[in-house]
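Colleague: Model the structure of this input:
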Amino acid sequence: MKTDGSAGRPAPFDDLDRRLIHALQIDGRAPFSRIAEVLGVSDQTVARRYTRHRGAGAFRVLGLAEPRALGEVEWLVRVECAPDAALPIAEALARRPDTSWVSLMSGGTEIAAVCRSAGSEHSDALLLQKLPRTLSVVGVTAHCLLHEFYGGPQSMVSKSGALTAEEAARLCPPAPRPPSPGPATGFEQGSPGSPVVLSDADRRLFEALGRDGRAPLAELAAATGWSPTTVRRRLEALRADGVLYYDVDYDLRLFGYGVMVALWLSVAPAELAASGEALAEHPEVAFAGATTGPHNLFASVLCRDTGALYTYLTTRIAALPGVRTMESTPQIRRLKGPGPYLTPGPAAPRGRR
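Modeller: Okay, here's the model as predicted:
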């Protein structure tokens, strides 16, 4: 892999890399031949770029489940702890299958994580059972995610402009269909508007896709016990029902982002929707959602450097309607992103939420 000459650090993504990542964000399992046609290069060039960058840990495609389609509730959890205990506690949270986006924040005394529960009635289990029990934890707050303004299958890549609108449209899959009863195929789909119920084989499928969203059908068939044809049909059905989406987890530094900040805003209730929608349009915002608690609007913000962050806070954020207070906490290390826990290392991609 190319380096920029600075202690062997990988060189930043070039224009073709960015266009490839944008294409994969739109459709993570699109054939290389279709991506190559849109990008105007050969199939072999796309395959080589993908293989090289994935092998180096620069980016990877993940197949993920949409929590709301499954009736799950997401919680943004902040854990305050002693500095010497922060890393082992964060690692313990990262190893849990029901957590994502686990990071060390501020001066290493705060851990931020997203936790999922089967429903709001299970929130007590989140705080009493899932979080590590230790005297080193001095405070825990959990904010229920009420509404997502930007996130999921949308990412900073979607705002990058690497692909033109016409190119993106050529790759864009059909929009998910409205919830409806499933046909008699042996898969439980639930009634209209109700959460989709996954089978054990479905869960094994998502486990495999969480490791590699482009895993071959034969590999997915071995994981589920289905035939490759059944796997292909199930992937299509889950995506059409809005349960499955694809995401690209990539090294932010190679995309030119040097600073990630968690932004907590307190907004007047009458202005919450308008502020959230405006926030979602900001090119610096990777994720935005309305939450419970005194800070009712949360965002993950990515900037080139601290100077760009200052400009963003004093211009775009200052112009939002109804903002009463603001708290910003920088990320100093990410331990887990949207996929399964990876052993920390220099090649591990950094998160964007």
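Colleague: what about residue 226, distance to residue 253?
Modeller: 39 Å (Cβ to Cβ, to the nearest Å). For the C-beta atoms, the positions are set from N, CA and C on the backbone; glycine is no exception.
Colleague: Could you check which of these two is surrounded by more residues?
Modeller: Shown here are residue 226 and residue 253; by other Cβ atoms under 10 Å, residue 226 has more neighbours (18 against 15).
Colleague: For residue 312, list the residues it contacts.
Modeller: By Cβ atoms under 8 Å, 6 or more residues apart in numbering, the residues touching residue 312 are 282, 284, 301, 303.
Colleague: pretty sure it belongs to a helix, no?
Modeller: Yes: under DSSP: H, G, I helix; E, B strand; the rest coil, residue 312 falls within a helix.
Colleague: Can you list the low-confidence ranges for the stretch 1-150 of the chain?
Modeller: The stretch 1-150 of the chain contains residues with pLDDT under 70 at 1-10, 119-134.
Colleague: Could you pull out the helices in it for me?
Modeller: 15-26, 32-39, 43-55, 83-94, 123-125 (DSSP state H, counting those that start in this stretch).
Colleague: Any idea which of the ones you listed gets closest to residue 149?
Modeller: helix 15-26 (18.0 Å; Cβ to Cβ).
Colleague: Distance from that closest one to the middle of the chain?
Modeller: Taking Cα atoms, centre = their mean, to the nearest Å, one finds helix 15-26 lying 16 Å from the centre of the chain it belongs to.
Colleague: Save the helices of the stretch 1-150 of the chain as a markdown table, and put in mean neighbour count too.
Modeller: Formatted as a markdown table, the helices of the stretch 1-150 of the chain follow (neighbours: other Cβ atoms under 10 Å):
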| stretch | mean neighbour count |
| --- | --- |
| helix 15-26 | 22 |
| helix 32-39 | 18 |
| helix 43-55 | 15 |
| helix 83-94 | 18 |
| helix 123-125 | 12 |
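Colleague: and residue 238, what element?
Modeller: helix 228-240 (DSSP states H and E).
Colleague: I'd like to know which elements that helix is packed against.
Modeller: helix 200-211, helix 217-224, strand 244-250 (3 or more Cβ pairs under 8 Å, 6 or more residues apart in numbering; DSSP states H and E).
Colleague: Of those, which stretch is the most buried?
Modeller: Of the helices and strands packed on helix 228-240, the one with the most neighbours on average (mean count of other Cβ atoms under 10 Å) is strand 244-250, at a mean of 24.
Colleague: Would you mind writing the CA trace of that strand as PDB?
Modeller: Written as PDB, here are the backbone C-alpha positions of strand 244-250 (Å, rounded to 0.1, in the frame of the first residue of the first chain):
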ATOM      1  CA  LEU A 244     -30.500  -4.800   6.200                       C
ATOM      2  CA  TYR A 245     -28.300  -2.000   5.000                       C
ATOM      3  CA  TYR A 246     -24.600  -1.700   4.100                       C
ATOM      4  CA  ASP A 247     -22.100   0.700   5.600                       C
ATOM      5  CA  VAL A 248     -18.400   1.400   4.900                       C
ATOM      6  CA  ASP A 249     -16.200   1.700   7.900                       C
ATOM      7  CA  TYR A 250     -13.100   3.600   6.900                       C
END
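Colleague: Now do it: which elements does it pack against?
Modeller: Checking 3+ Cβ pairs under 8 Å, 6+ apart, strand 244-250 ends up next to helix 15-26, strand 59-65, helix 228-240.
Colleague: Would you list the strands that that strand pairs with, along with their directions?
Modeller: In the sheet, strand 244-250 lines up against strand 59-65 (antiparallel) (DSSP bridges).
Colleague: and the angle from the strand it pairs with to helix 228-240?
Modeller: 80 degrees (axes from the mean of the first three to the mean of the last three Cα atoms, to 10 degrees).
Colleague: Kindly tell me how buried residue 290 is, as a neighbour count.
Modeller: 19.
Colleague: Give me the sheet partners of the helix or strand encompassing it and which way each runs.
Modeller: Element membership for residue 290 (DSSP H and E) is strand 285-291. Its sheet considered, strand 285-291 pairs with strand 137-150 (antiparallel), strand 297-303 (antiparallel) by DSSP bridges.
Colleague: So what's the gap between it and the chain middle?
Modeller: 12 Å.
Colleague: What are the contacting residues of that strand?
Modeller: Strand 285-291 has contacts (Cβ under 8 Å, 6+ apart) with 76, 143-151, 155-156, 272-273, 276, 279-280, 296-302, 352-353.
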